[in-house]
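J.: can't give you the sequence, but here's the structure:
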């Protein structure tokens, strides 16, 4: 199956997926951060869209632990940056129908929570096909160390994703199962 076919299949399954425990373990994230000795507390999250696994409860927990939270905004030339956001702050809807922060204060996260359509055992990620996260991760890694954690339902794991030179692997993938 090519990337487009995989994307269509997984998105169709995800749309119809009903699960009681849709949560990612915050404790598991903290264990990862502890092992990696992450000191700066800036999280790049995402606002769930198109039946993605809900990351809001994780962002709430980070905010309670005094981490700075940021969300992505799509900019001109299909570029993406992360901007300061708090759970109390309003959002605006971009041209793709995705909520974005109103803030104009860019933040460069050192912990990046990444939505995905599919992933494989090698932590290759398949997104929606726009390359936004691949370009962003490549850009930010030139500025600082960043740990990337993909959020997924367990059924989104596939045997293999054919990658190209622009695809960036994730450091970790956490699912609703583990």
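T.: Structure's in. What do you need? Fair warning: this is a prediction, and the values are worked out from it, not measured in the lab.
J.: could you use CA atoms for every contact and neighbour count after this?
T.: Fine.
J.: now do the strands in this structure.
T.: 42-44, 68-74, 80-84, 91-93, 99-101, 111-115, 118-119, 125-126, 147-152, 172-175 (DSSP state E).
J.: for residue 128, list the residues it contacts.
T.: 7, 116, 117 (CA atoms under 8 Å, 6 or more residues apart in numbering).
J.: I figured the first one was touching residue 117, is that so?
T.: If I follow you right, that is residue 7. Yes - Residue 7 lies in contact with residue 117 (CA atoms under 8 Å); the separation is 6.4 Å.
J.: just give me the residue right at the centre of the chain.
T.: Most central in the chain under CA atoms, centre = their mean is residue 114, positioned 1.4 Å from the mean C-alpha point.
J.: in contact with the residue lying closest to that residue once chain neighbours are set aside, which residues?
T.: Leaving aside its chain neighbours, residue 114 sits nearest to residue 150 (4.5 Å; criterion: CA to CA, 6 or more residues apart in numbering). By CA under 8 Å, 6+ apart, residue 150 lies in contact with 113, 114, 115, 116, 170, 172, 173, 174.
J.: repeat for residue 161
T.: If you count contacts by CA under 8 Å, 6+ apart, residue 161 has them with 3, 119, 120, 124, 125, 126.
J.: can you tell me the closest non-neighbouring residue to the fifth one?
T.: Sequence neighbours aside, residue 119 is the residue nearest to residue 125 in space, at 4.5 Å (criterion: CA to CA, 6+ apart).
J.: then residue 147?
T.: Per CA to CA, 6+ apart, closest to residue 147 is residue 111, 5.0 Å.
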